[in-house]
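Visitor: Pasting the sequence and the predicted coordinates here, then a few questions.
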Amino acid sequence: MRTAISSAIPSAARKAAFALTVSAVLVTTACTGQSSSGADDDASKETTINFWHAWSADSEVAGVKALVAGFEKAHPNIHVNVVGNMTDDKINQALRTGGDKAPDVISSFTTNNVGKFCSSGALVDLNPFFKKSAIDPDKTFPAAMNEYTQFDGDRCAAPLLGDAYGLYYNKTAFEKAGITSPPKTWSEFETDAKKLTIAQGDSFKQLGFMPNYHGWETTTEHYMGQFSPTYFDKAGKSTIAGDPAVAAAFTLQKKLVDDLGGYRKLEKYRAGLGDEWGPKHPFQTGQVAMQLDGEWRLGMALDAKPKFEIGVAPLPVPDDQLDQYGQGYITGTIAGIAATSKKQNAAWELVKYMTTDTNAVVAFSNAIHNVPSTLDALKSPKLKYDPRFKTFLDIAANPNSTTAPSSINGGVYLTTIQELGYDYESGKVTDLKKGLADAAKQIDTDIAQAK
C-alpha cells in the first residue's frame, strides 16, 4: 500500500503553534447572526459561495482543491471560491464584518476556539441542518470529534479530518534493552523509559523519553487525555482541583521527570536537540527512544530515513484502567457556516459533503494524510495507509478516546493548566493540591469574565 502519511505539518501541529495567540483574538462579541438569517436561499439555483481554510502546504492545497472539485461535480449549480492559508484571527475578523468577499464556509485548525465560535454566534448552529438532512451526528462522527465541535448545546461546527495521538518507539533500541513489546500501562512505560536511557557523562547518549512539557507534544492535555479527566462539572465550574485523574496525570509526569534525570538535566539535554518539524527531531535521530506524537510523525520520521525500525502503539493508560488501553487524545480541523452568510443552504451543502460524504472524507484523508472524521470513513476499504497508521484509525474510532471540551473563552483554561504544569515540573510549585485549587479558581474567574 502507498504510505498515507506526509512530511507536511498537520492541522493539530500548526494549531498548537498559534492557538494561544489567537485565543485572545477571538473575543466574544455580540451575536453576528442567527441560523435562520441566511438559511432562506435556494440551494438548487445557480450560486457562488466563499470557502476559507487554513491549509497552506502544496499537498494540502491540492487536496482541498480536489475536495472542492468533487463537490462542484456533485453540485454543478454551486460554485466555490476557495481562499487558503487563513488563520483564525483573519477568519474571525471576516465573520464579524461580513460582505460579499467574506466566507460562507470556514475551516479552522483551532478546536479550542469552538466555544467562542458558538457562543459569539459567529458560526450558525448546525443542528437544524443535520436534522433537515436526516443525519445523526452521534452516529456519524467519533465520540471525541463529536464532542469538540459543539458547545452548550450549540453544534456550530462539524469535524473535517482529525489528529490522533499515540506512542512512537524505536524497535531497535527496544530489542537492545530486552523490551519485547510497547508498554500498555504507565508503570510499564516508566520501567521501559529507564531501561532505554543511556547516560553519557552528565548528559545522555540516549534518553528513553523526554517527559518535560516542552518536549514536543508532551502537553498537559495530552498526558491528561490518557487519564480521562472531566475538566468541568454540569454547572461549568472547573473540576481539576478535585478530579483524581488530573492529579494522577501531574504526578505521573513529575515522577518521570525526576526519575529520568531531573528537570534541569533534561532541559539542558533538550536545548541541544533538533527542531520538532525538521529532520533532526530527536526521535528520528535516535536520541530519544519513545515519543508521544500525532499520526503525522510517522511520515516525517520515515522521510528522515532513521537508522532503526519505527514502532507505533497507543499511549499507556493508568495501571488500574488497562481495559481502556487503545484510547488516545483526539483533536482536528472543524468546518462551519458563517452567521453573516446569506447563502447558508448552499453553504450547508458544501459542509455536509466535506464532513459526512464517506467517499469525500476518505479521498481527502488519503490526500492530506490526517485521520478520517466519520465512523464509516474510518472503516472504508478505500483508505490507503502504511499498516502502522491503522493504530491512529483505531484510536480515533475508540469510544474511550478523549479531547479537551469547548469553553466560552476558548483554550484559556488549558493555558492555565499548562502554566501550572511548567511551574510544578520545575519545582516552582511544590504543593500540587494547592496549585490545582488556585488554577481552578483562575479558570472559573476567567470564564465568568468572558460571560
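Guide: Ah, there it is.
Visitor: Any stretches of the chain with poor pLDDT?
Guide: By pLDDT under 70, the low-scoring segments of the chain are 1-38.
Visitor: can we see that at 80?
Guide: Within the chain, the segments meeting pLDDT under 80 span 1-39.
Visitor: Strands of that one, start to end?
Guide: 47-52, 78-83, 105-108, 158-170, 198-200, 203-209, 288-294, 310-313, 330-337 (DSSP state E).
Visitor: which residues sit against the first one?
Guide: Going back to what we said before, that points to strand 47-52. Residues outside strand 47-52 that contact it (C-beta atoms under 8 Å, 6 or more residues apart in numbering): 41, 68, 77-84, 86, 90-91, 94, 101-107, 341, 343, 346-347, 350. C-beta here means a position set from N, CA and C on the backbone, and glycine is covered the same way.
Visitor: Same question for the second one.
Guide: For strand 78-83, the surrounding residues in contact (C-beta under 8 Å, 6+ apart) are 43, 46-53, 64-65, 68, 71-72, 103, 346, 349-350.
Visitor: Show me just the buried residues among these.
Guide: The neighbour-count criterion (16 or more other C-beta atoms under 10 Å) marks 43, 47, 49-53, 64, 68, 71, 103, 346, 349-350 among the contacts of strand 78-83 as buried.
Visitor: OK, contacts around Phe283?
Guide: Contacts for Phe283 (C-beta under 8 Å, 6+ apart) come out as 168, 170, 216, 289-291, 293, 297, 301.
Visitor: okay if I get these as a markdown table plus distance to Phe283?
Guide: A markdown table is the format used below for these (distance: C-beta to C-beta, whole Å):
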| residue | distance to Phe283 |
| --- | --- |
| Tyr168 | 6 |
| Asn170 | 7 |
| Trp216 | 8 |
| Ala289 | 8 |
| Met290 | 8 |
| Gln291 | 4 |
| Asp293 | 7 |
| Arg297 | 7 |
| Ala301 | 7 |
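Visitor: By neighbour count, which of the residues you listed wins?
Guide: For these, counting by other C-beta atoms under 10 Å, the largest number of neighbours falls to Ala289: 29 neighbours.
Visitor: That residue against Phe204, yeah?
Guide: No. Look at Ala289 against Phe204 with C-beta atoms under 8 Å: they stay out of range, at 10.2 Å.
Visitor: any residues in contact with both of these two?
Guide: Thr197.
Visitor: rewinding a little: just put the strands of the chain in TSV and tack on distance to Thr356.
Guide: Listed next are those as TSV, based on distance: least, C-beta to C-beta, whole Å:
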stretch	distance to Thr356
strand 47-52	16
strand 78-83	16
strand 105-108	14
strand 158-170	7
strand 198-200	49
strand 203-209	39
strand 288-294	24
strand 310-313	28
strand 330-337	10
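Visitor: quick one: which of these is nearest Leu266?
Guide: strand 203-209 (7.7 Å; C-beta to C-beta).
Visitor: Residues touching that closest one, excluding its own?
Guide: Contacts for strand 203-209 (C-beta under 8 Å, 6+ apart): 173, 189, 192-199, 256, 260-261, 265-266, 268-269, 282, 286-291.
Visitor: Can you select the buried ones from those residues in PyMOL?
Guide: The buried residues among those can be selected in PyMOL (16+ other C-beta under 10 Å) with this line:
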select buried, resi 173+189+192+193+195+196+197+256+260+261+266+269+282+287+288+289+290+291
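Visitor: just checking, Lys451 touches Ile408?
Guide: Yes. Taking C-beta under 8 Å as the definition, Lys451 is a contact partner of Ile408 at 6.2 Å.
Visitor: These two: which is more packed in?
Guide: More crowded of Lys451 and Ile408, by other C-beta under 10 Å: Ile408, with 21 against 10.
Visitor: Next, find the distance separating that one from Ile443.
Guide: With the distance defined as C-beta to C-beta, to the nearest Å, Ile408 ends up 11 Å from Ile443.
Visitor: again with Gln150
Guide: According to C-beta to C-beta, Gln150 stands 20 Å off from Ile443.
Visitor: could the buried ones among the contacts of strand 78-83 be laid out in a markdown table, adding distance to Phe389?
Guide: Below are those laid out as a markdown table (distance: C-beta to C-beta, whole Å):
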| residue | distance to Phe389 |
| --- | --- |
| Ala43 | 36 |
| Thr47 | 38 |
| Ile49 | 33 |
| Asn50 | 33 |
| Phe51 | 28 |
| Trp52 | 29 |
| His53 | 23 |
| Val64 | 21 |
| Val68 | 25 |
| Phe71 | 26 |
| Pro103 | 32 |
| Ala346 | 35 |
| Glu349 | 31 |
| Leu350 | 28 |
